[in-house]
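Trainee: Provided below are the primary sequence and the corresponding predicted coordinates.
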Amino acid sequence: HVPQGPVCTNLGLKPGQRLTVKGKISPNANSFVMNLGKDATFLGLHFNPRFDAHGDVNTIVCNSKKVEEWGAEHRETVFPFQKGGTVEITFAVNQNDVTVHLPGHQFTFPNRLNLSVFDYFDTQGDFTLQSLSWE
């Protein structure tokens, strides 16, 4: 069972805006998830750092989800997370993609669902949300 963290709706994130997430990773973390999208069924970005889960070790797996249909997985091998550590991640929404800013690294993930606004955010797994800010 994956613990469900806070769920945010009606964020209203549009291109040019960013969401900054700060929190603490569990000392015995296997993986955690951040979802950004229209709602829980239309996820423009499923962001899943895996310490050791589903056969992945120290890999960030990203994807998109349309109702029950997942897209192709995108993997990032840069892994700036530590068990028991705190982390700050910024999601910058652009016209055609989302730029994910990690400590010392960034990458973009395409807006496959062509969402014009990101209203939904949640966290799951071995992560405790400490603060959420958007501008």
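Mentor: The structure has been received and is ready for your questions. Quick caveat, the model's predicted, so the values are computed rather than measured.

Trainee: Now do the strands in the protein.
Mentor: Assigned by DSSP state E, the chain shows strands spanning 4-8, 18-25, 32-37, 42-53, 56-66, 69-70, 74-76, 86-93, 97-102, 105-110, 120-125, 127-134.

Trainee: Given the helix or strand of the chain with the lowest mean pLDDT, what are its sheet partners and their directions?
Mentor: Least confident helix or strand of the chain, by mean pLDDT, DSSP states H and E, is strand 4-8 with a mean of 88. Strand 4-8 pairs in its sheet with strand 120-125 (antiparallel), by DSSP bridges.

Trainee: residues contacting the closest residue to residue 74 other than its chain neighbours?
Mentor: What sits nearest to residue 74 in space, not counting adjacent residues and going by C-beta to C-beta, 6 or more residues apart in numbering, is residue 62, at 4.5 Å. All C-beta spots, glycine's among them, are computed from the backbone N, C-alpha and C. By C-beta atoms under 8 Å, 6 or more residues apart in numbering, the residues touching residue 62 are 45, 46, 47, 48, 73, 74, 75, 76, 100, 109.
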